[in-house]
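Trainee: Sequence first, then the predicted structure:
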Amino acid sequence: MGTATFWWRARSISVGVGSDWRLYEARIQKRGIVVSTRRRSSSLPTLIVSSMPYEKELAAAKKAATLAARLCQKVQKALLQSDVHSKSDKSPVTVADYGSQALISFILERELPSEPFSIVAEEDSGDLRKESGQDTLKRITELVNDTLASEGSNSFSILTTDDVLTAIDNGKSEGGSVGLHWVLDPIDGTKGFVRGDQYAIALGLLHEGKVVLGVLACPNLPLASIGSNQQHSSNEVGCLFFAKVGDGTYMQALGGSTQTRVHVCDIDNPEEASFFESFEAAHSSHDLSSSIAEKLGVKAPPVRIDSQAKYGALSRGDGAIYLRFPHKGYREKIWDHAAGSIVVTEAGGIVTDAAGNPLDFSKGKFLDVVSGIIVTNQKLMPSLLRAVKEALNEKASSL
Ligand SMILES: Nc1ncnc2c1ncn2[C@@H]1O[C@H](COP(=O)(O)O)[C@@H](O)[C@H]1OP(=O)(O)O
Ligand SMILES: [Mg+2]
Ligand SMILES: [Mg+2]
Ligand SMILES: [Mg+2]
């Protein structure tokens, strides 16, 4: 008889019976748990169970977001007026929005062939299926193929226009509280993208309604801190933030390989804090933010940038607070917060609605929040919540 041995490591459990396992190995991989059975000819079995949750999903997500960022950078450089057209909500939708969504959908499905595939994503192919969308569709297909060719693999696939439409429409999933769902904003901060400013490619993964990983590619975000009063000699731009549940948040240069663990700032005095908010006053009430900041005693002026790049910047301590108060009638979507929220929480921060409730990503594509979304570190959250409550009460009584 062999001896039973248990090894405990940080994230794996191995149970071994016997010592020679050269002859047979079978692996079953299910939901991030790797179960291996190993057996030698004398039939002493070995069972190895190790937990590497979402490792391959993270690798695929980083690859997909990095390539999509390359596509977006190319388009932003050459942004032509004809790339911008309108859809019913009047927000500009660019060739890069569709291209990024098609590319990410295609790469995730290619890299993770054994998993059921579901994406909740912002864009759909409706306009591209019309006669008037045909030139745009051809342009998107060329861009996606050029980007795939730049991946460096000899055996890249060439997508047809139909493949591109199918890849975009994979994003029609409704999400919810059961199973695995990718959540994608192919370009978050379209206004910033069109202006030549900040934008992000934001990709998260939900498992049973909870965000378990997130990747944020921010092609125009400086690698150095963008907090107020910061001066740096390097002006290199392009950051990739990524986080996996329980594993912390990391940042690397887009296209680079050296990763650094990041943490939210540990300021506990609001007077020393600075805060982020939307560049666009139409997306978030600047008046409400300034009233909250005043109540807290924040001295620094707001740092206004577009997109979930705010979550990335906060996760590495560039600023201490992010305030978001959309105007009446606007409903937040999960793709605008899934990746950003895990990037911040794994870096030690807290993301809640204005009443202090955690965000609930399990209800489909909408994120129903009380009044707005607030983000900060653990130490500042109690005083921030008090200031938010006071400012909201004052606003309500003045109406
Ligand atoms: N009226 C609106 N109010 C709040 N957010 C909006 C509004 N319209 C679009 N957005 C979304 O808000 C996010 C950008 O906000 P900000 O840059 O201010 O943080 C984007 O996700 C943008 O969508 P999109 O992904 O289409 O750009
Ligand atoms: Mg949009
Ligand atoms: Mg968005
Ligand atoms: Mg978008």
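Mentor: Good, I have the coordinates. Numbers count the residues shown, from 1 in each chain. Ligands and ions are numbered 1, 2, ... in the order given.
Trainee: Would you state the helices of the stretch 51-200 of the chain in chain order?
Mentor: Using DSSP state H, counting those that start in this stretch, the helices found in the stretch 51-200 of the chain span residues 55-77, 95-111, 134-149, 161-169, 190-195.
Trainee: Would you mark the buried spots in the third one?
Mentor: In this case it means helix 134-149. Thr136, Leu137, Arg139, Ile140, Thr141, Leu143, Val144, Asn145, Thr147, Leu148 (16 or more other CB atoms under 10 Å). C-beta coordinates here come from the backbone N, C-alpha and C atoms, glycine included.
Trainee: which bits of the stretch 101-250 of the chain sit near ligand 1?
Mentor: Within the stretch 101-250 of the chain, the residues that sit near ligand 1 (CB under 6 Å from any ligand atom) are Glu122, Asp185, Asp188, Gly189, Thr190, Gly192.
Trainee: tell me which of the residues you listed is nearest to Val245?
Mentor: Ranked by distance to Val245 (CB to CB), these are led by Asp185 at 19.7 Å.
Trainee: which residues of the stretch 101-250 of the chain score low on pLDDT?
Mentor: Flagging of the stretch 101-250 of the chain using pLDDT under 70 yields the residue ranges 153-156, 228-233.
Trainee: who wins for neighbours among the residues of the stretch 101-250 of the chain next to ligand 1?
Mentor: Asp185 (31 neighbours; other CB atoms under 10 Å).
Trainee: separation between it and Glu55?
Mentor: Noted for Asp185: a distance of 23 Å to Glu55, by CB to CB, to the nearest Å.
Trainee: Over to Gln252?
Mentor: In terms of CB to CB, Gln252 sits 16 Å off from Glu55.
Trainee: Comparing the two, which residue is more hemmed in?
Mentor: Counting neighbours by other CB under 10 Å for Gln252 and for Glu55 shows that Gln252 has the greater number, 18 against 15.
Trainee: Report the secondary structure state of the more buried one.
Mentor: strand (DSSP: H, G, I helix; E, B strand; the rest coil).
Trainee: Val212 too?
Mentor: Going by three-state DSSP: Val212 is strand.
Trainee: which residue sits closest to it, ignoring its sequence neighbours?
Mentor: The spatial neighbour of Val212 that comes closest, neighbours along the chain excluded (CB to CB, 6 or more residues apart in numbering), is Val245 at 4.6 Å.
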